[in-house]
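> need coordinates for the below:
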Amino acid sequence: MSQDKEILKKLLEESIGKFYKKDSLLSERKGLEQACVFRIGLYLQERLKKAKISDVVVDCEYNKNGDHPKKTLMFLEGVRPDLLIHKRGDNTKNLLVAEFKGWWNKSKNRDEDKLKSLTSPYDEYHYLLGAFVRLGKKNIQELEYYADGKKLNN
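Numbering: from 1, shown residues only. Predicted coordinates:
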């Protein structure tokens, strides 16, 4: 399981690296967080394919749990994670949940709570790994990982 987390970290970090090589203009312009996440998601899907990790997809802003809204014990009103690697329709292969913030947005409390909740063994999703990414203008400003409902010592 620890090896799986390391593979996910590597795939995410490589995808973000490719984003900065090809699309840094998006992160330089204040207020384009969703465009940045979309591009990173495309690169992440490519990396999954190359790594022969199948049966999962990358989704952005996905807020469904089967046919119902994605809710947690902490977020009864629902959550919409920025980026997911998962199997749609059930919770059998929830691999990665990631929250992103641009350099212009200093708040992250709600994102941390989302990641703790979505990786918690006490909630229904059990994502293997969570990631908080603060995008800088030219490189990552902050990268934190979560598992088992807790922030990891990176």
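
> tell me the spacing between residue 147 and residue 78.
23 Å (CB to CB, to the nearest Å). To be clear about C-beta, it is placed using only N, CA and C from the backbone, and glycine gets the same treatment.

> actually residue 99, not the one I wrote
Counting by CB to CB, the gap from residue 99 to residue 78 is 15 Å.

> centre of the chain to stretch 47-61, how far?
Distance of stretch 47-61 from the chain centroid (CA atoms, centre = their mean, to the nearest Å) equals 12 Å.

> er, stretch 8-27 I mean
The answer for stretch 8-27 is 13 Å, by CA atoms, centre = their mean.

> buried residues, that stretch. List them.
Neighbour counts over stretch 8-27 (16 or more other CB atoms under 10 Å) mark 8-9, 11-12, 14-16, 18-20, 23-24, 26-27 as buried.

> list the helices and strands the longest helix along the chain packs on?
The longest helix of the chain (DSSP state H) is helix 2-28. Secondary-structure packing of helix 2-28 (3 or more CB pairs under 8 Å, 6 or more residues apart in numbering; DSSP states H and E): helix 33-50, strand 96-102, strand 129-135, strand 140-147.

> how about the ones you listed in JSON lines, adding mean neighbour count, distance to residue 83 and mean pLDDT?
Below are these laid out as JSON lines (neighbours: other CB atoms under 10 Å; distance: least, CB to CB, whole Å; pLDDT from 0 to 100):
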{"stretch": "helix 33-50", "mean neighbour count": "18", "distance to residue 83": "6", "mean pLDDT": "96"}
{"stretch": "strand 96-102", "mean neighbour count": "24", "distance to residue 83": "4", "mean pLDDT": "97"}
{"stretch": "strand 129-135", "mean neighbour count": "24", "distance to residue 83": "8", "mean pLDDT": "97"}
{"stretch": "strand 140-147", "mean neighbour count": "18", "distance to residue 83": "13", "mean pLDDT": "96"}
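
> could you dump these into a markdown table and include distance to residue 68?
Shown next, in a markdown table, are the helices and strands packed on helix 2-28 (distance: least, CB to CB, whole Å):
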| stretch | distance to residue 68 |
| --- | --- |
| helix 33-50 | 23 |
| strand 96-102 | 17 |
| strand 129-135 | 21 |
| strand 140-147 | 24 |
